[in-house]
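Quick check, what structure comes out for this input:
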Amino acid sequence: MTLIYFEDISVGDKTSYGSKRVTREEMLDFSRKYDPQSFHIDDKAAEDSLYGGLIASGWHTAAMLMRMLVDSMGNKRAGLGSPGFDDLRWIKPVRADDVLRFESTVLETRKSISRPDMGVVRAEVYVFNQDNEIVLSLKTTGMMKTRAE
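This next block holds a predicted model:
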């Protein structure tokens, strides 16, 4: 397997991946543990909410994106983690049986001045449901190894 290094990434590169079916059980389990708001854990309360039914926690949606990102990269990238993200938006509720996928576009690449063995990649990421509606968007920053010179 050939690793993808910082030098292999260019502005405009696009990645698409995923076919993650959201289950009711997974939604409830996540929300009970980490985001126990009524519209995430209680059918009746969710029906009476502005959402008209049970919805996934936005943090669960972000966690599912993370899983799809890791699954799409596998061990193919010389990744070093991420210092964070910006502009997280939960645009449309995610519901049980939705099928999610993501698309990512590289916005910027720059070699680290203080760490010449590392580059930084910024990308815009959108998560879509089965109807091609955007449910989440964010801009992420990733750190990658550079090739040894």
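
Only C-alpha atoms from now on, for both contacts and neighbour counts.
OK.

Next, the contact list for the spatially most central residue of the chain, please.
The structure's the chain has its C-alpha centroid closest to Leu65; by C-alpha atoms, centre = their mean the separation is 2.9 Å. For Leu65, the residues meeting the contact criterion (C-alpha atoms under 8 Å, 6 or more residues apart in numbering) are 101-102, 127.

Of these, which is the most crowded?
Counting neighbours by other C-alpha atoms under 10 Å, Val127 comes out on top of these with 25 neighbours.

ok, now which ones touch it?
Taking C-alpha under 8 Å, 6+ apart as the test, what Val127 contacts is 65, 100-103, 134-137.

now the helices for this structure?
Ranges of helices within the chain are 24-34, 38-41, 43-47, 58-73, based on DSSP state H.

ok, back up a step: can you list the contacts of Leu65 in a markdown table and add pLDDT and distance to Gly18?
Converted to a markdown table, the contacts of Leu65 look like this (pLDDT from 0 to 100; distance: C-alpha to C-alpha, whole Å):
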| residue | pLDDT | distance to Gly18 |
| --- | --- | --- |
| Arg101 | 97 | 4 |
| Phe102 | 97 | 6 |
| Val127 | 98 | 9 |
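
for these, which one is nearest Arg89?
Closest to Arg89 out of those is Val127 (10.3 Å), distances taken as C-alpha to C-alpha.

Find the nearest non-adjacent residue to the closest one, please.
Take Val127 and drop its neighbours on the chain: the residue closest to it by C-alpha to C-alpha, 6 or more residues apart in numbering is Phe102, 4.3 Å away.

Tell me what that neighbour is bridged to.
Beta-bridge partners for Phe102, by DSSP bridges, are Tyr17, Val127.

Is it correct that it is in contact with Lys14?
No - at 10.5 Å, Phe102 does not count as touching Lys14 under the criterion of C-alpha atoms under 8 Å.
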